[in-house]
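for reference, the sequence and a predicted model appear below.
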Amino acid sequence: MKKVFITGIAGFLGSHVADEFIHQGYEVAGNDNLIGGYEDNVPKDASFYPFDCRSEQLTRILHDFKPELLIHTAATAYEGLSVFSPSFVTSNIYEASVSVFSAAISSGVEKIINCSSMARYGAIQIPFTEDMEPKPQDPYGIAKYAAEKTLECLAGVHSIKYVTLVPHNIIGPRQKYDDPYRNVASIMINRCLQGLPPIIYGDGNQTRCFSFIQDVLNCLMTACTDDASVGEVINVGPDEEVVTINELASKICQITGFDQDPIFLSARPQEVKHAICSSNKARKILDYGTKVSLEDGLMSMVDYIKKRGVSKFNRHIPVEIVSDLTPKTWISDRMNLK
């Protein structure tokens, strides 16, 4: 039986990846520090190790487990927060990623799938294509891009196969929704189901494309088994259903039956106004195709949050820099008022 190790296995993406590999007959193991995920996300048929990617235990576990494949999904994916908690975020991105790559290579892993972020691109011309020079404009994006380049270097030296996938704005069940710092769609749904208006930072005219989890999984699984993508950076997600954050809020209010205007707060520093990736390379190499519409994806999230239960914000990340620029929702419950 083939073996795969998944970092971030309790997270939104990692848990779905684990399910897919279990379904395909792999022996699955993974780790998670539970900062960005829920332990009940971990499939019961996977071996779970509740420790951080920087832990010395990771090398020992990988040497014992001996997986052929490692999927690196673990990330403190707090792009906006990274300008207020740069030490926490960059350590949990760059240092953690390098620790994973080092442990994987030393244990004899044959292939590494690295999940990066569209934050690597910054605010360059849209749509973002893989041949553009990345210009990340926040510590999170900088750390993600640095991790990519480190993997590229190590893979070259040690003759390891690797692929860097750039999924963008993934949505779906199991996404953390009690987190005030990220996951805009989940946050909005969680609030609307509590009778609270969605929160929008800035004017709401930011444009995004949202990727449903299963559409991303299809590409990731192809990248794992098909060597046509080895050594490549590939954007994964739709480019044909562009929405503003205002339009997203309107859709969510309609689906949840909530009839109240959003709360508009000051724009977050360094937020990229228009972030849309081209999917042409993924269509060519990974046979990407958008099969789940935004509305259908949002409806599945509403069902999931209803079933699991709504929740107040859990401010579980230390805010290192508190100033007049720090979003008040990140440090106070006052914005939970109607």
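Right, received. Where do you want to start?

run through the strands of the stretch 1-150 of the chain in chain order.
Ranges of strands in the stretch 1-150 of the chain, per DSSP state E, counting those that start in this stretch, are 3-7, 27-31, 47-49, 69-72, 111-115.

and the most centrally placed residue in the chain, what does it touch?
Nearest to the geometric centre of the chain sits residue 77, at 5.9 Å (C-alpha atoms, centre = their mean). Shown in contact with residue 77 (C-beta atoms under 8 Å, 6 or more residues apart in numbering): 36, 117, 140, 182. Any C-beta I mention is one placed from the backbone N, CA and C, and that applies to glycine too.

next one: residue 90
82, 139-140, 142-143.

the same query, at a cut-off of 7 Å, please.
By C-beta atoms under 7 Å, 6 or more residues apart in numbering, residue 90 lies in contact with 139, 143.

how about residue 165?
Residue 165 makes contact with 113, 115-116, 219-220, 223, 234, 236, according to C-beta under 7 Å, 6+ apart.

just residue 307 next, same as before
Residue 307 neighbours (C-beta under 7 Å, 6+ apart): none.

how far away is it from residue 293?
21 Å (C-beta to C-beta, to the nearest Å).

right, and residue 99 touches residue 55 too?
No: Residue 99 lies out of contact with residue 55 (C-beta atoms under 7 Å); the separation is 8.0 Å.

pull stretch 282-301 out as PDB, backbone CA atoms only.
What follows is stretch 282-301 as a C-alpha-only set of coordinates in PDB (Å, rounded to 0.1, in the frame of the first residue of the first chain):
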ATOM      1  CA  ALA A 282      -3.900  24.300 -14.900                       C
ATOM      2  CA  ARG A 283      -6.400  23.600 -17.700                       C
ATOM      3  CA  LYS A 284      -3.500  22.500 -19.900                       C
ATOM      4  CA  ILE A 285      -1.400  20.400 -17.500                       C
ATOM      5  CA  LEU A 286      -3.900  19.300 -14.800                       C
ATOM      6  CA  ASP A 287      -7.100  19.200 -16.800                       C
ATOM      7  CA  TYR A 288      -8.600  21.900 -14.500                       C
ATOM      8  CA  GLY A 289     -12.300  22.700 -14.900                       C
ATOM      9  CA  THR A 290     -14.700  24.500 -12.600                       C
ATOM     10  CA  LYS A 291     -17.500  22.100 -11.800                       C
ATOM     11  CA  VAL A 292     -19.100  23.800  -8.700                       C
ATOM     12  CA  SER A 293     -20.500  27.300  -8.900                       C
ATOM     13  CA  LEU A 294     -20.000  29.900  -6.300                       C
ATOM     14  CA  GLU A 295     -23.600  29.700  -5.200                       C
ATOM     15  CA  ASP A 296     -23.600  26.000  -4.800                       C
ATOM     16  CA  GLY A 297     -20.400  26.100  -2.900                       C
ATOM     17  CA  LEU A 298     -21.800  28.700  -0.500                       C
ATOM     18  CA  MET A 299     -24.900  26.700   0.000                       C
ATOM     19  CA  SER A 300     -22.800  23.700   1.100                       C
ATOM     20  CA  MET A 301     -21.000  25.900   3.600                       C
END
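
alright, that wraps it up for me.
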